[in-house]
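**Q** predicted model and sequence below, questions to follow.
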Amino acid sequence: MKKVIVIGAGISGLTAAVYARRSGFEAVVLEKAGSPGGVSTNWVRKGYTFEGGVHWLIGAREDIPLHAVWKETGALQENNPVYFKDPIYTLVDDKGQMPLHRDLKELEITSLRDKLALASLRFHLACFRHFHSPVTDMVGLKSRYPRGFHPMEFVRMLPAVIITPFLLMESASGYARRFKNPRIRNLLKAVVDPDINALSLIYTLSTFNTGDSGYPKGGSLLMAQNMADCFTSLGGEIRYRTPALSIVREGDTVRVQTASETLRADAVIISMDARKAIDKLFGEPLQERWAQRMRKNLKTTQCMFIGMGIKADLSAYPRSMQLVLPRPFTVAGINYKTLIVNNYAKESDYAPKGCTVLTCLLHGNSYDYWAAAKADGSYGDKKEETIALVIDHLSDRIPELKTSVEVTDMATPLTYERYCDTYQGSYMSHWEPLTRVPHAPIRYAPRIYFTGQRVNFSGGLPPAAVTGYRTAQTLCRDFGVEFVSQGLPQF
């Protein structure tokens, strides 16, 4: 039996570990934190659960190929049924509320310009109706349950392939500006980071439009724990609070050093942030061309996360809101005119009875600001100031916050860096228009593999799962081992 060590128990690492174990490898996962999931996680503060990871799950629909991966890795089970929310977001401003439904109904279309823009948007969504991440066998792979790519799949996805280059030339905010109505613009800017390319916006909207992208009960941590339990039930081992310190390839084995012991295996899969790994895991920083490109060109997507436990029932408010603020404010040099707020009032187990959890995301690169605050000793004070500032401005739209906030918590990019060892505390790579995201290869060297957010596209749960699947297949092919899935149907 061949042995593989997986560094990191995030979604990608657990996916790779489950498939490697099913295929007969002895597998050990080393995880820095005390729980699985990596960046995709949630946590509890005084009875309130703050969801810091998944907000929608692509592949939740049963006839999407990716759904088979979620089922085979144990991510989706009977204990976390999926809810498909509608509307996706609701704009809240001085005029009231305007929802963004999955089918784009109830948008305020009054001008000819907006009618043309909506027609173009519907056309683009139609082009992506059959688009999906292929989950197929690699060339040369011996698979117990072969998965191929039927020619008709390509035919159905061809419209998306044709328009993709055009969407890559435009930003999501630029696409939103096709609409004259500023309310529609603000709604569309809530879906994805407005500075990334329009392809990300259209693909995400299309998953909602076709009935995919649901929210699994229990959120990130239950989903990750399901995957961890699936892996250990197959005989795999997870060692929490055990970060890998270095990797050395020695002939036919790989040596992984932890703080307390030296582990040897036939192969290692690096699921930690590849941007961090290239500088810290190999003794000398890697100097291959792809590693140099990553150091030079990688741009990160960061956020500040604020969780609030509210001693009030806020179920009358929408689940996901884009709030247009009457009073803009600035944090870390970033000006905020709108804020995304997620309302978990209808998640019965997220808060004490009659209470509510709200979470707020402040997008923008603030790593340097918080690093400077940490260095000069003002980090804690600035976190408290930011929380108070955000609550003050949210109260203009949600008056209950003025007197009912019972618990607060905040994660800065330094928080993500500390717990997940991500580069600059980022949760994915930033994919701007007309740019390529620098990425790591799946096989870096014989017996050393990468998987995860820096391997494929910009990041998120689908690329995490797909790269984990691909890495496990590459491992099996390299060692001449039969790749074993459960053979679940994909359509």
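**A** The structure has been received and is ready for your questions.

**Q** for the protein, which spans come out with low pLDDT?
**A** Low-confidence regions of the chain, defined by pLDDT under 70, span residues 489-491.

**Q** let me see the domain layout of it.
**A** 3-46+58-79+216-298+433-479, 100-135+146-210, 303-425 (automatic domain parsing).

**Q** does residue 149 sit in a helix or strand, and which one?
**A** Element membership for residue 149 (DSSP states H and E) is empty, with no helix or strand holding it.

**Q** separation between it and residue 65?
**A** 10 Å (C-beta to C-beta, to the nearest Å). Where you see a C-beta, it was placed from the backbone N, CA and C, and this is true even at glycine.

**Q** so which of those two has more stuff around it?
**A** Neighbour count, other C-beta atoms under 10 Å: between residue 149 and residue 65, residue 65 has more, with 20 against 13.

**Q** do I have it right that the more buried one meets residue 134?
**A** Yes - under the criterion of C-beta atoms under 8 Å, residue 65 makes contact with residue 134 at 6.8 Å.

**Q** circling back to that earlier point, list the residues that contact both of residue 149 and residue 65?
**A** residue 134 (C-beta atoms under 8 Å, 6 or more residues apart in numbering).

**Q** so residue 29 sits right up against residue 10, yeah?
**A** No - the criterion here is C-beta under 8 Å, and residue 29 misses it with residue 10 at 9.9 Å.

**Q** mind listing what the residue nearest to the spatial centre of the chain touches?
**A** Central residue of the chain (C-alpha atoms, centre = their mean): residue 460, 3.0 Å from the mean position. By C-beta under 8 Å, 6+ apart, the contact list for residue 460 reads 58, 428, 453.

**Q** switch the cut-off to 10 Å
**A** 11, 40, 54, 56, 58, 192, 200, 204, 301, 427-429, 453 (C-beta atoms under 10 Å, 6 or more residues apart in numbering).

**Q** next one: residue 400 from residue 89, what distance?
**A** For residue 400, the distance to residue 89 - C-beta to C-beta - is 20 Å.

**Q** can you point out the buried residues in stretch 76-92?
**A** 76, 77, 80, 82, 85, 87, 88, 89, 90, 91, 92 (16 or more other C-beta atoms under 10 Å).

**Q** now the end-to-end length of it.
**A** 33 Å (C-alpha to C-alpha, to the nearest Å).

**Q** now swap in stretch 422-437 and tell me
**A** Across stretch 422-437, first to last residue, C-alpha to C-alpha, it's 16 Å.

**Q** cool, stretch 400-416 as well?
**A** Per C-alpha to C-alpha, stretch 400-416 runs 30 Å from first to last residue.

**Q** now that stretch: buried residues?
**A** 400-401, 404-416.

**Q** swap in stretch 323-338?
**A** In stretch 323-338, counting by 16+ other C-beta under 10 Å, buried: 323, 324, 325, 331, 332, 336, 338.

**Q** host element of the second one?
**A** Under the criterion DSSP H and E, the helix or strand holding residue 324 is strand 320-331.

**Q** mind giving me the packing neighbours of that strand?
**A** Applying 3 or more C-beta pairs under 10 Å, 6 or more residues apart in numbering; DSSP states H and E, we find strand 320-331 packed against strand 89-93, strand 96-100, helix 182-189, strand 334-343, strand 356-363, helix 379-394.

**Q** so for residue 121, which of these sits nearest?
**A** Closest approach to residue 121 among the helices and strands packed on strand 320-331 (C-beta to C-beta): helix 182-189, 8.6 Å.

**Q** now for that closest one, which elements pack on it?
**A** So helix 182-189, by 3+ C-beta pairs under 10 Å, 6+ apart, packs with strand 89-93, strand 96-100, helix 112-127, helix 172-176, helix 198-209, strand 320-331, strand 334-343.

**Q** let's see that with 6 Å instead.
**A** strand 89-93, helix 172-176 (3 or more C-beta pairs under 6 Å, 6 or more residues apart in numbering; DSSP states H and E).

**Q** give me the sheet partners of the first one and which way each runs.
**A** The one in question is strand 89-93. strand 96-100 (antiparallel), strand 320-331 (parallel) (DSSP bridges).

**Q** CA-only coordinates of the first one in PDB, if you can.
**A** Taking C-alpha atoms only, strand 96-100 is exported to PDB below (Å, rounded to 0.1, in the frame of the first residue of the first chain):
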ATOM      1  CA  GLY A  96     -37.400  50.500  -0.200                       C
ATOM      2  CA  GLN A  97     -36.600  47.000  -1.300                       C
ATOM      3  CA  MET A  98     -35.800  45.600  -4.800                       C
ATOM      4  CA  PRO A  99     -35.100  41.800  -5.100                       C
ATOM      5  CA  LEU A 100     -32.800  40.100  -7.500                       C
END
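
**Q** quick one: buried residues of that strand?
**A** Applying 16+ other C-beta under 10 Å to strand 96-100 flags 98, 99, 100 as buried.

**Q** so is residue 28 in a helix, a strand, or just coil?
**A** strand (DSSP: H, G, I helix; E, B strand; the rest coil).

**Q** wait, doesn't it sit right on residue 238?
**A** No - taking C-beta atoms under 6 Å as the definition, residue 28 is not a contact partner of residue 238, at 7.8 Å.

**Q** for residue 248, give me its contacts.
**A** Neighbouring residues of residue 248 by C-beta atoms under 6 Å, 6 or more residues apart in numbering: residue 255.

**Q** all further residue positions should be reported with the first residue as 583.
**A** Okay, using 583 as the starting number, the last item reads as residue 830.

**Q** list the strands paired with whichever strand or helix holds it, with their directions.
**A** Using DSSP H and E, residue 830 maps to strand 828-832. Looking at strand 828-832 with DSSP bridges, its partner strands are strand 835-839 (antiparallel).

**Q** same question for the very next helix or strand once past the partner strand: list its buried residues.
**A** Using DSSP H and E, the helix or strand that directly follows strand 835-839 along the chain is strand 844-847. Along strand 844-847, these residues count as buried under the neighbour rule (16+ other C-beta under 10 Å): 845, 847.

**Q** strand partners of strand 844-847, parallel vs antiparallel please.
**A** Counting by DSSP bridges, strand 844-847 is paired with strand 835-839 (antiparallel).

**Q** buried residues in the strand it pairs with, which are they?
**A** Buried residues in strand 835-839 (16+ other C-beta under 10 Å): 836, 838.

**Q** could I get that strand in CSV with only the CA atoms?
**A** What follows is strand 835-839, C-alpha atoms only, in CSV (Å, rounded to 0.1, in the frame of the first residue of the first chain):
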residue,chain,number,x,y,z
THR,A,835,10.1,8.9,-0.6
VAL,A,836,9.1,12.3,0.6
ARG,A,837,10.0,13.5,4.1
VAL,A,838,7.6,15.9,5.9
GLN,A,839,8.7,17.6,9.0
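
**Q** now do it against strand 608-612, angle only.
**A** 30 degrees (axes from the mean of the first three to the mean of the last three C-alpha atoms, to 10 degrees).

**Q** give me the contacts around strand 835-839.
**A** In contact with strand 835-839 (C-beta under 6 Å, 6+ apart) are residues 587, 826, 827, 828, 829, 830, 845, 846, 847, 850, 1029.
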